[in-house]
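Q: Sequence first, then the predicted structure:
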Amino acid sequence: MTLRRSWAEDTRLPGSTVRPALRRIADGSAPLADADWILLLQAQGDELDELCDLADVARRNAVGDELTFVANRNFDTGTVLDLIGTPRLEDLVAEAWTLGATEICLQGPVPPSRPASDYLTVVERIRAVAPEMHVHAYRVPEVIDAAQRLDITVREFLLAARAAGVGTVPGTAAQVLDDTVRAALAPNGEALSVATWVETITTAHDVGLKSTATMLYGHLERPDHQVAHLRLLGAIQARTGGFTELILMPMLPELAPPHLREVATHGPSARETRAVHAVARLMLRESFDHLQAAWTKLDADALTAVLRGGADDVGGVLIDGTLMPGAGPESGRQLVPADVERLAADLGRTVRQRTTPYGSAPAERCDVLRRVFA
């Protein structure tokens, strides 16, 4: 077996190969082994439809027929720290609150030209303007960078971040939790190890910071890598209970590492996207209630397909605002409540605006958002 697949190569098996596993899921007669899940990731045709239908039942059993979302705004850390004059970071936070946001997500490192203490002061500045705003920051590489530059341990930094006002931590940068795959994706062969990622995210959980869990699929990894990744996330969840949701993100060709751009000519197939979401829901149904559809990385058909095949949440609506729409890395992409409501209506579901940890957003916040985007 090769160490990895050709870029986003789709692997399929005849339906008769996966039929026994589908029957065992449907009747609950016996737990599936990893080898069964690997086969199911390659389902196609009627068997893929059946797999997705089973995942949809599991979704309904877990969370009912709600489609949830959170009103948030993303900021690139370096961009908002470098603002001088108007708008300032404080202006952008105030605008986000005025527009109905309940969460600010900080992505990206503090630039080397700025003091490492800015990792904490930027959070404090956000919370000073909007004390009830939930701050979702920082990714594992940024946590490690902050700890190293401040000459403290990862645990000490995470405790300080929590004290400053960080509410949850993004579980991105997990990619695929396999050192061979991670090394192949790293442009300089300096990949963050699986052990380091796991140790950092579990330390966050240990100090009281929940996080998202993620998988980046559709590049060099094989189905067995995907299953092992999901299995490891499930094991962490069983130990810490610290994940709020699972987010599966396709690798977009334009976001491939520079050394792989020539081979990254396409993303994962629609078939693989459906299969990955369905298997994740079914494989981890005892561990995760919420499976988020990464709407910014899926076209309309794929988004609907995964919401019919196991996913229950569309994540953040990514409010841009008008003062500085480009303050976040995904500027120009936002949903409005009417978009979510239309999507829910097509799915036969109700809509619930949630908080970051999946409580219901205060009625006042819901009213503001709907009034602004009416």
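A: Good, I have the coordinates. Predicted, not measured: the structure shown is a model, and the values here were computed from it.

Q: Show me the shaky parts of the stretch 1-150 of the chain.
A: Applying pLDDT under 70 to the stretch 1-150 of the chain flags the ranges 1-2.

Q: in it, which spans are strands?
A: 66-70, 72-76, 103-107, 134-136 (DSSP state E, counting those that start in this stretch).

Q: The closest residue to E286 other than its chain neighbours: neighbour count?
A: Once flanking residues are discounted, E286 sits nearest to G234: 7.9 Å by C-beta to C-beta, 6 or more residues apart in numbering. Glycine gets a C-beta too; all of them are placed from N, C-alpha and C. By other C-beta atoms under 10 Å, the residues close to G234 number 20.

Q: what's the answer for I25, then?
A: 23.

Q: how close does it get to E47?
A: The spacing between I25 and E47, counted by C-beta to C-beta, to the nearest Å, is 11 Å.

Q: returning to what we had before: for the residue nearest to E286, which residues are in contact?
A: Counting by C-beta atoms under 8 Å, 6 or more residues apart in numbering, G234 makes contact with M283, L284, E286, S287, F288.

Q: Can you report phi and psi for the closest residue in space to H266 that isn't next to it in sequence?
A: Spatial nearest neighbour of H266, excluding adjacent residues (C-beta to C-beta, 6+ apart): A8 at 5.6 Å. For A8, the backbone dihedrals (degrees, to the nearest 10) come out as phi 50, psi 20.

Q: wait, which of the contacts of G234 is closest to T356?
A: F288 (15.7 Å; C-beta to C-beta).

Q: Would you format the strands of the stretch 1-150 of the chain as JSON lines with distance to L248 and mean neighbour count included?
A: Below are the strands of the stretch 1-150 of the chain laid out as JSON lines (distance: least, C-beta to C-beta, whole Å; neighbours: other C-beta atoms under 10 Å):
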{"stretch": "strand 66-70", "distance to L248": "16", "mean neighbour count": "22"}
{"stretch": "strand 72-76", "distance to L248": "19", "mean neighbour count": "23"}
{"stretch": "strand 103-107", "distance to L248": "18", "mean neighbour count": "24"}
{"stretch": "strand 134-136", "distance to L248": "18", "mean neighbour count": "23"}
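
Q: Including distance to D312, could the ones you listed go into TSV?
A: Shown next, in TSV, are the strands of the stretch 1-150 of the chain (distance: least, C-beta to C-beta, whole Å):
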stretch	distance to D312
strand 66-70	7
strand 72-76	17
strand 103-107	18
strand 134-136	19
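
Q: Look up how far A55 lies from R285.
A: In terms of C-beta to C-beta, R285 sits 9 Å off from A55.

Q: and what of V317?
A: 24 Å.

Q: Over to L323?
A: 41 Å.

Q: Comparing the two, which residue is more hemmed in?
A: Taking other C-beta under 10 Å, L323 and A55 do not tie; A55 has more neighbours (27 against 15).

Q: pretty sure that one is touching V306, no?
A: No. Judged on C-beta atoms under 8 Å, A55 makes no contact with V306 at a distance of 9.2 Å.

Q: what do those two both touch?
A: H277.

Q: Spit out the contact partners of the residue nearest to D36 when sequence neighbours are not counted.
A: What sits nearest to D36 in space, not counting adjacent residues and going by C-beta to C-beta, 6+ apart, is A21, at 4.3 Å. When contacts are counted by C-beta under 8 Å, 6+ apart, A21 is found next to L32, D36, W37, L39, L40.

Q: let's see it at 7 Å
A: L32, D36, L39, L40 (C-beta atoms under 7 Å, 6 or more residues apart in numbering).

Q: tell me the two of the residues you listed that are most distant?
A: Applying C-beta to C-beta across the contacts of A21, the maximum distance is between L32 and L39, 9.3 Å.

Q: So which of the two has more stuff around it?
A: Counted by other C-beta under 10 Å, L32 and L39 do not tie: L39 has more neighbours, with 22 against 18.

Q: Okay, and the beta partners of the residue nearest in space to the middle of the chain?
A: Nearest residue to the geometric centre of the chain (C-alpha atoms, centre = their mean): I247, 3.7 Å. Counting by DSSP bridges, I247 is bridged to T214, Q292.
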